[in-house]
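S.K.: generate coordinates for the sequence data below:
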Amino acid sequence: MGALDENQARFLKETVEKGLRDILDAQIMIASKNIYQEGHARIQHKRAGATLQERGSTLVNELTKASRSVTLQGSGIATSTVFPLYMRFLDMKEHGNWRIYNRQVWGILYSETLHTVKYEYRDWLRNQINTMFNKNNQK
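M.R.: Just a heads-up that it's a prediction; the model follows:
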C-alpha cells in the first residue's frame, strides 16, 4: 500500500479518533453507571449491583483524564492511548467480569471503526466535497 493522500489520512485520523472517543465513553458508562452497550445499534443494558465508582474505584477519574492521540506517521497513522493498567484485570471473572476493556476495545475498534475505514471512505469524501462546494457557493 502506498502513502495516503491528504483526504485519506484525514478520514482515517477522524475515524480512529472517534473510535477511541467511543471506547472511553463506553468505559466511563460502565464504571460510573453499570451501563453496557451491545451490538452495532449500541443497545444499552444495565448491570445489577454496585458500580465500580461506588466500590471506591478511582477509575472514572482516571478514564476522564486518559490521554489518547492519533498522528499521521509515514504511510499511515499511529495511535497512542493510556489506560489505567489495572483495568485489564477487571475483565477477569475473579475480579468481577466487568467487560470494560477487551469487549469495548475490540468491539468498537474491530467491529465499528474498521468497518467504517473499509467501507465508508467514499461517502465521507462525497460529504466533504459537497460541504466544500456549499461553502464556496455561499460566498
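
S.K.: roughly how far apart are the spatially closest residue to residue 67 that is not a sequence neighbour and residue 69?
M.R.: Closest residue in space to residue 67, ignoring its immediate chain neighbours: residue 82 at 4.8 Å, by C-beta to C-beta, 6 or more residues apart in numbering. No exception for glycine: its C-beta is placed from N, CA and C like everyone else's. According to C-beta to C-beta, to the nearest Å, residue 82 and residue 69 sit 9 Å apart.

S.K.: where exactly do the helices run in this structure?
M.R.: 6-33, 59-64, 102-106, 114-119, 121-138 (DSSP state H).

S.K.: mean neighbour count, mean pLDDT and distance to residue 49 for those helices - can I get that in TSV?
M.R.: Listed next are the helices of the chain as TSV, based on neighbours: other C-beta atoms under 10 Å; pLDDT from 0 to 100; distance: least, C-beta to C-beta, whole Å:
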stretch	mean neighbour count	mean pLDDT	distance to residue 49
helix 6-33	18	90	12
helix 59-64	17	87	15
helix 102-106	16	88	17
helix 114-119	13	88	33
helix 121-138	11	86	41
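
S.K.: out of the ones you listed, which is closest to residue 96?
M.R.: Closest approach to residue 96 among the helices of the chain (C-beta to C-beta): helix 6-33, 10.8 Å.

S.K.: now do that closest one: which elements does it pack against?
M.R.: In this structure, helix 6-33 packs against strand 35-38, helix 59-64, strand 68-73, strand 76-81, helix 102-106, helix 114-119, helix 121-138, with contacts taken as 3 or more C-beta pairs under 8 Å, 6 or more residues apart in numbering; DSSP states H and E.
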